[in-house]
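Participant: After the sequence you'll find the predicted model.
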Amino acid sequence: AQSVAQPEDQVNVAEGNPLTVKCTYSVSGNPYLFWYVQYPNRGLQFLLKYITGDNLVKGSYGFEAEFNKSQTSFHLKKPSALVSDSALYFCAVRYNTNAGKSTFGDGTTLTVKP
Amino acid sequence: IAGITQAPTSQILAAGRRMTLRCTQDMRHNAMYWYRQDLGLGLRLIHYSNTAGTTGKGEVPDGYSVSRANTDDFPLTLASAVPSQTSVYFCASSEQLASGNSNEQFFGPGTRLTVL
């Protein structure tokens, strides 16, 4: 079984401040973890993934995420937010033998204010 | 074509009608997926296909069918549409590795379907 939780429906930050979008997961096996971003009226776009190796993963647009096995978390972070980062963010998890079937969180709306 | 295309972009459909949503990818990915996105429910997997000629049921398959006659196309059919199938539908694809694992998914632009 696998599941993912994004505990915050909405995150608001000021431009230039650091941002964190939270994600926790549950899998029976080694997790494959993904972050996607969705802009209005668009499909999801891949940001970054953790498969194995270094716990700190760097992705597109300056985003990074840290895999924490003990806390079963994979929070998305960015040191300095931009107004253009405002979008809907999805965390997804899959365990490594689940033939590609990922489970997505409900999404977190990030709003960056000027 | 670059990436994944979906058609139509939007559709209003009378309940009871049959509808096929089209999805085509040009990346030669062997895995493809159909999701529906509903407010407050995130993305839910309807059906998937790990390779041409095979399909599988996802989380919410009832009322939907798929086929995978070739690598590029993965149509989703609603045999008799009902209002609860009003949603935004996304097709996605990913590279399925020989190990059985797959990489990140690439998503189409979506089809907004309204069933009245």
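Facilitator: Cool, got the structure.

Participant: Please count neighbours and contacts with C-alpha atoms only from this point.
Facilitator: OK.

Participant: and the residue nearest to B:A14 when sequence neighbours are not counted, how many residues sit next to it?
Facilitator: Of all residues not flanking B:A14 in the chain, B:L116 sits nearest, at 5.0 Å (C-alpha to C-alpha, 6 or more residues apart in numbering or on different chains). Other residues near B:L116 come to 14 when the count uses other C-alpha atoms under 10 Å in any protein chain shown.

Participant: Compute the first-to-last residue distance for stretch B:73-90.
Facilitator: 14 Å (C-alpha to C-alpha, to the nearest Å).

Participant: er, stretch B:46-59 actually
Facilitator: By C-alpha to C-alpha, one end of stretch B:46-59 lies 6 Å from the other end.

Participant: Tell me how far A:R42 lies from B:R112.
Facilitator: Between A:R42 and B:R112 the distance is 11 Å, computed by C-alpha to C-alpha.

Participant: For chain A, give me its nearest residue in chain B.
Facilitator: Closest approach between chain B and chain A, counting by C-alpha to the nearest C-alpha: B:G42, at 3.9 Å.

Participant: so who does the closest residue to that residue other than its chain neighbours touch?
Facilitator: Spatial nearest neighbour of B:G42, chain neighbours left out: A:D106 (3.9 Å); criterion: C-alpha to C-alpha, 6+ apart. Taking C-alpha atoms under 8 Å, 6 or more residues apart in numbering or on different chains, we find A:D106 in contact with A:A5, A:Q6, A:F90, B:G40, B:L41, B:G42, B:L43.

Participant: Now the residue most central in space within chain B: phi and psi?
Facilitator: What sits nearest the mean C-alpha location of chain B, by C-alpha atoms, centre = their mean, is B:W34, with 2.6 Å. The phi and psi values for B:W34, taken as degrees, to the nearest 10, are phi -120, psi 130.

Participant: count of neighbours near the nearest residue to it once chain neighbours are set aside?
Facilitator: Distance criterion C-alpha to C-alpha, 6+ apart; nearest residue to B:W34, sequence neighbours excluded, is B:C91 at 4.6 Å. When neighbours are counted by other C-alpha under 10 Å, B:C91 registers 32.

Participant: who's the residue nearest to the centre of chain B bridged to?
Facilitator: Note on B:W34: beta-bridge partners by DSSP bridges are B:H47, B:C91.

Participant: mind listing the strands for the chain?
Facilitator: Went with chain A since none was named. A:2-5, A:10-14, A:19-21, A:24-27, A:31-38, A:44-50, A:56-58, A:64-68, A:73-78, A:87-95, A:103-104, A:108-113 (DSSP state E).

Participant: not quite, I wanted chain B
Facilitator: Listed in chain order, the strands of chain B (DSSP E) span B:4-7, B:10-13, B:19-25, B:31-38, B:42-49, B:56-57, B:64-66, B:76-78, B:87-94, B:106-107, B:111-115.

Participant: Can the last one be said to contact chain A?
Facilitator: What that stands for is strand B:111-115. No: against chain A, strand B:111-115 shows no contacts by C-alpha under 8 Å from any C-alpha of the partner chain, the least distance being 9.4 Å.

Participant: Could you check the angle that strand makes with strand B:31-38?
Facilitator: Here strand B:111-115 runs at an angle of 50 degrees relative to strand B:31-38 (axes from the mean of the first three to the mean of the last three C-alpha atoms, to 10 degrees).

Participant: what's the spacing between B:Y33 and A:R94?
Facilitator: Where A:R94 is concerned, B:Y33 sits at a distance of 14 Å (C-alpha to C-alpha).
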